[in-house]
Structure formats: structure tokens, C-alpha cells
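Novice: Sharing a model prediction with you, sequence too.
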Amino acid sequence: MNRLILMRHGKSIWNAQNIFTGWVDIPLSKEGIDEAFEAGRQIREMPIDIIYTSTLVRAQMTAMIAMSVHSSGKVPLVLHPGEGKLELWGKIHGKEAEKETIPVIQAWELNERMYGELQGMNKAKMAEQFGADQIKLWRRSYDIAPPQGESLAMTAERALPYFKQQIIPTLEQGKNVLVSAHGNSLRAIIMDLDGLSHEEVVQLEIPTGLPIIYHFTSSGLVKETSL
């Protein structure tokens, strides 16, 4: 059986500072780097044939750091389809070197929920300004979006079709897949895989740097990891 490994990125610098991040492209903190190494050790012996990440650096760092301790020794190769010279001039001509790479596909559809006017704002200060109940509603409801931002429902509208149209067919080809993404894009995917209601998914906590593993079988994806 081949595997699907879902991984939320390690803690970012703004996680540590209690700041809404969303699509702001912030790197991992030292703690997040340590989490990525630990996640890598947990999946060290699991075959990985292809990696999907969001376009945000914290998810990409997590995947790269995790793979740096993988037993295969293979090198993640970031693909750049449709990016002009970056695609053309990045071609590998050595066949032996190419065999020792794992393709990495970046997809904006896997990005974190976009928090609109809350991005870059301190969560505690926003609670003082708007009230804790309003902040909780913006953060922990399924279909209510923060000002100029996305709801979880809107995040699901982009993440789920991508997952079904791009990642599921890859699993059907017998490949082992690692997805390094974000709390809310992964919530949307897990909601579908685990058959969660809208009320259940907003309560779902996805720890940073913890691999969530599914086995791909003839009857579908079966979860190995319990949350």
C-alpha cells in the first residue's frame, strides 16, 4: 500500500509572536525548524515519490528540512512549470542525478487561509479591539470570513478540488505522496477524507510538525495517525 503523508508546517516566527499570518510569507522559527527535523525523523523510513507544497516558504522549509534526514538520501527538486527560463534552464541533463531526485510541486491552492485585514495584526490586540467572541467567530467558524479575507469554506473551495484533481490521481498511480501545507488547507482536506461535519472540522486541531498518515487502498484512504 502506498501512503499519503499530510504535514502542517512547523511554527513560524509570527506563530511565536501571536500574529495573524495567512498569506504573508514568513519563515519558520527556530522551534519550527526543530519540529520539521523531528517530523522528518518520523517519516524517515517511509518511501516518498513526490512532494506537494504550498507556495509559502514556511511549508516549503518544512518539507525540505524533513527530507534532509530521509533515509533515501534523495534530493527534493522544485519544479517550475510555465516559469520561462527558470523551467527551461533548470533542466537536469545527468540521468543518474535525475534518478536521485524527488519532484516538488508548488500549488497556491494549498496555501493557508487568507486572513485579509487581520494579517500582520497581533491576535490579543485584535481581541481587545473587536472582542474575543468576534475574533473567535472569524477564526473558528466554517463560513464567516474576516474583513477582506477567506473563510474556511472558501479555503476548501480551492484546496479540495486541487487535492482531488491532482493529488488523488498521483496516489492512484501507486506513488507515495508528501503534502506540506497549512492548518486550514489541511483541515479542508481532512474534513473530506474523514467525513467531518462543518461543526467538527472547525474544532479540529492539527499540530505543527506532526505527520498525519493515510494508507491508499482499493476502498480509499485509511487513516493511520490519530489526532
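Specialist: Cool, the structure landed. Residues are numbered from 1 along each chain as shown.

Novice: all strands for the chain, in order.
Specialist: With DSSP state E as the criterion, the chain has strands at 2-8, 50-53, 75-78, 101-106, 177-181, 211-217, 220-223.

Novice: Please save the CA atoms from the second one in PDB.
Specialist: The C-alpha trace of strand 50-53 is given here as PDB (Å, rounded to 0.1, in the frame of the first residue of the first chain):
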ATOM      1  CA  ILE A  50       6.600  13.200  -4.900                       C
ATOM      2  CA  ILE A  51       6.100  16.200  -2.700                       C
ATOM      3  CA  TYR A  52       3.400  18.900  -2.900                       C
ATOM      4  CA  THR A  53       3.800  22.100  -1.000                       C
END
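
Novice: Starting from it, tell me which strands it pairs with and how they run.
Specialist: strand 101-106 (parallel), strand 177-181 (parallel) (DSSP bridges).

Novice: any residues touching the first one, and which ones?
Specialist: To tie it back to what came earlier, the one meant is strand 101-106. 48-55, 60, 63, 67, 72, 74-79, 92, 166 (Cβ atoms under 8 Å, 6 or more residues apart in numbering). All C-beta spots, glycine's among them, are computed from the backbone N, C-alpha and C.

Novice: let's go with 6 Å and repeat that
Specialist: For strand 101-106, the external contacting residues (Cβ atoms under 6 Å, 6 or more residues apart in numbering) are Ile50, Ile51, Tyr52, Thr53, Thr55, Lys74, Val75, Pro76, Leu77, Val78, Leu79.

Novice: Among the residues you listed, which pair sits farthest apart?
Specialist: Within the contacts of strand 101-106, Thr55 and Lys74 form the most distant pair, 22.3 Å apart (Cβ to Cβ).

Novice: With Gly32 as the reference, name the closest of the strands of the chain.
Specialist: Of all the strands of the chain, it is strand 2-8 that lies closest to Gly32, at 10.4 Å by Cβ to Cβ.
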